[in-house]
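> no FASTA, just this:
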Ligand SMILES: Cc1cc2nc3c(=O)[nH]c(=O)nc-3n(C[C@H](O)[C@H](O)[C@H](O)COP(=O)(O)OP(=O)(O)OC[C@H]3O[C@@H](n4cnc5c(N)ncnc54)[C@H](O)[C@@H]3O)c2cc1C
């Protein structure tokens, strides 16, 4: 095994959290080496930019912090030091403008991550950060050196401090595969198992329904009074409205074996108005064409009615009206973590002193591998950047 003594800081993982830690350290004049298992860094960040990357959110700060739920308290000091306003100013510093979308989400102009990542990596290289791609961290040697598999063979690194920013466990093909969990657990670090967050769920559609409607969007429906969009999939449901409720649904399934959501397929109609519309005589029309002409229910929404109502109930206007306002869909499992937007679970905050692992002094953690979760809307990236910044600053204090 090759031995590679170095005195700087090793940042393992070149996602947004690791790169932010590297930036803080390099700016303070510390030698930084970023190691990443993949042939290039920031792959998930780039993917996040593909469908319209939202980097943060413009809502009132208190409301913003509250989106981190039970972890809002522990994350607040990090977020206070890197608020959505700081984040936007930082993006502007890379020469990229931002804009606020109608939903309040903040996007870089062109909504893409690639120009931002390019500018950032250029700036990091200019400030002296060394990048080592295709370098996979494997854990520690018996005497505490970092084991890193490189194209030249295995290295044993002894940096002055280490930042682990290895991500969660979704979209493993982009680099973050969660393989760090047993490595940290074996060193006495308390790790909550990684579970899917912002994910879809499996339902028990009939074969006919799945074949006919998989991929169909349900625009403007509501669940528990929250309006949004979702998509029917071959195995169940996904989409922004489902992601927003996914933590609750996931936890209910874990506790009770299943979770039933009630879809309001016509959130802008009151039940009374629906009943009134459907009380008109149907004449010789089929129920489906009656629903389409009176209340514009057709296609996938009619399909959903057929999924939950038997023939007799489908022809009963009162039952149909009530079902349109609260159509039950039983969800029995989250989709696999690899398909999720993000993961929940990770290194528990109780295992940390700031961002340093109590069990491994000199080793710091940042990003999605920490035990927090948040909805989509820019909250994920903001906390990754903010925790990377916190880890960088904690390392500087440690080195001092
Ligand atoms: C489809 C999709 C869309 C998204 N859209 C958004 C969005 O619009 N807004 C938003 O806020 N968030 C979004 N996210 C989430 C966001 O991209 C992640 O939360 C964020 O990238 C996590 O940053 P990180 O630095 O913690 O980890 P990652 O970005 O996952 O980076 C971890 C890095 O560590 C490396 N690594 C892992 N293990 C090892 C090892 N053993 N040795 C060496 N290197 C290793 C990986 O190769 C990777 O480069 C999206 C995610 C997905 C999947």
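Received it, and whenever you're ready, just let me know what you need. Keep in mind it's a predicted model, so treat the numbers as computed, not measured.

> number of residues surrounding residue 218?
Residue 218 has 21 neighbouring residues, counting by other C-beta atoms under 10 Å. Quick note: C-beta positions are derived from backbone N, CA and C, even for glycine.

> for it, which three-state class applies?
strand (DSSP: H, G, I helix; E, B strand; the rest coil).

> contact partners for the nearest residue to it once chain neighbours are set aside?
Closest residue to residue 218 apart from its sequence neighbours, by C-beta to C-beta, 6 or more residues apart in numbering: residue 230 at 5.1 Å. Contacts for residue 230 (C-beta atoms under 8 Å, 6 or more residues apart in numbering) come out as 217-218, 221, 237-242.

> report the separation between the spatially closest residue to residue 184 that is not a sequence neighbour and residue 221.
Spatial nearest neighbour of residue 184, excluding adjacent residues (C-beta to C-beta, 6+ apart): residue 191 at 5.5 Å. Distance of residue 191 to residue 221, computed by C-beta to C-beta, to the nearest Å: 37 Å.

> about what we covered before: which strand or helix spans the residue nearest to residue 218?
strand 226-232 (DSSP states H and E).

> only the buried residues of that strand, if you could.
For strand 226-232, burial by neighbour count (16 or more other C-beta atoms under 10 Å) applies to 228, 230-232.

> mind checking pLDDT for residue 50?
Here, the pLDDT recorded for residue 50 equals 78.

> in contact with it, which residues?
Counting by C-beta under 8 Å, 6+ apart, residue 50 has contacts 112-113.

> how about it, secondary structure?
Classified using three-state DSSP, residue 50 is coil.

> just read off the phi/psi values of it.
The phi/psi pair for residue 50 (degrees, to the nearest 10) reads phi -70, psi -50.

> related to what we said a few turns ago, looking at the residue nearest to residue 218 now. What's its pLDDT?
We note a pLDDT of 97 for residue 230 in this prediction.

> ok, so what distance separates it from residue 243?
Using C-beta to C-beta, residue 230 is found at 9 Å from residue 243.

> how about residue 300?
Residue 300 is 19 Å from residue 243, where distance means C-beta to C-beta.

> which residue of the two possesses the greater neighbour count?
Set residue 300 next to residue 243 and count neighbours by other C-beta under 10 Å: residue 243 wins out with 22 against 18.

> burial count for whichever residue of the stretch 251-400 of the chain sits closest to the ligand?
Nearest residue of the stretch 251-400 of the chain to the ligand (C-beta to the nearest ligand atom) works out as residue 367 at 2.3 Å. Residues contacting residue 367 under the criterion other C-beta under 10 Å number 31.

> contacts only, for it.
Applying C-beta under 8 Å, 6+ apart, the residues contacting residue 367 are 13, 15-18, 165-167, 384, 387-388.

> residues touching residue 336, list them.
Taking C-beta under 8 Å, 6+ apart, one finds residue 196 in contact with residue 336.

> and it, what pLDDT?
We have a pLDDT of 97 for residue 336.

> the one 10 residues further on now?
The predicted local confidence for residue 346 comes out at a pLDDT of 98.

> which strand residues bridge it?
Here residue 346 sits in beta bridges with residue 192, going by DSSP bridges.

> my read: it touches residue 370, true?
Yes. Counting by C-beta atoms under 8 Å, residue 346 touches residue 370, with 5.1 Å between them.

> avg pLDDT for whichever strand or helix holds residue 304?
Assessed by DSSP H and E, residue 304 sits inside helix 299-308. In this model, helix 299-308 has an average pLDDT of 97.

> tell me what it is packed against?
helix 207-213, helix 287-295, helix 317-325, strand 327-334 (3 or more C-beta pairs under 8 Å, 6 or more residues apart in numbering; DSSP states H and E).

> pull the contacting residues for the nearest residue to residue 181 once chain neighbours are set aside.
Spatial nearest neighbour of residue 181, chain neighbours left out: residue 191 (5.3 Å); criterion: C-beta to C-beta, 6+ apart. Counting by C-beta under 8 Å, 6+ apart, residue 191 makes contact with 181, 184-185, 345-348, 351, 371.

> which one of these sits closest to residue 332?
The closest of these to residue 332 turns out to be residue 345 (C-beta to C-beta; 20.6 Å).

> that closest one: neighbour count?
23.

> again with residue 87
22.

> equivalent analysis for residue 125, please.
12.

> likewise for residue 346?
Counted with other C-beta under 10 Å, residues neighbouring residue 346 total 28.

> could you measure from it over to residue 232?
Distance of residue 346 to residue 232, given as C-beta to C-beta: 31 Å.

> likewise residue 157?
From residue 157 over to residue 232 the distance is 49 Å, taken as C-beta to C-beta.

> also residue 343?
As judged by C-beta to C-beta, residue 343 and residue 232 stand 24 Å apart.

> give me the low-pLDDT residue ranges for the stretch 51-200 of the chain?
Scanning the stretch 51-200 of the chain for pLDDT under 70 picks out nothing.

> now the helices for it?
61-66, 72-81, 84-93, 114-126, 180-186 (DSSP state H, counting those that start in this stretch).

> the inter-axis angle of the second one versus helix 84-93?
Orientation of helix 72-81 against helix 84-93 (axes from the mean of the first three to the mean of the last three C-alpha atoms, to 10 degrees) gives an angle of 40 degrees.

> since that was my last question, I'll sign off now.
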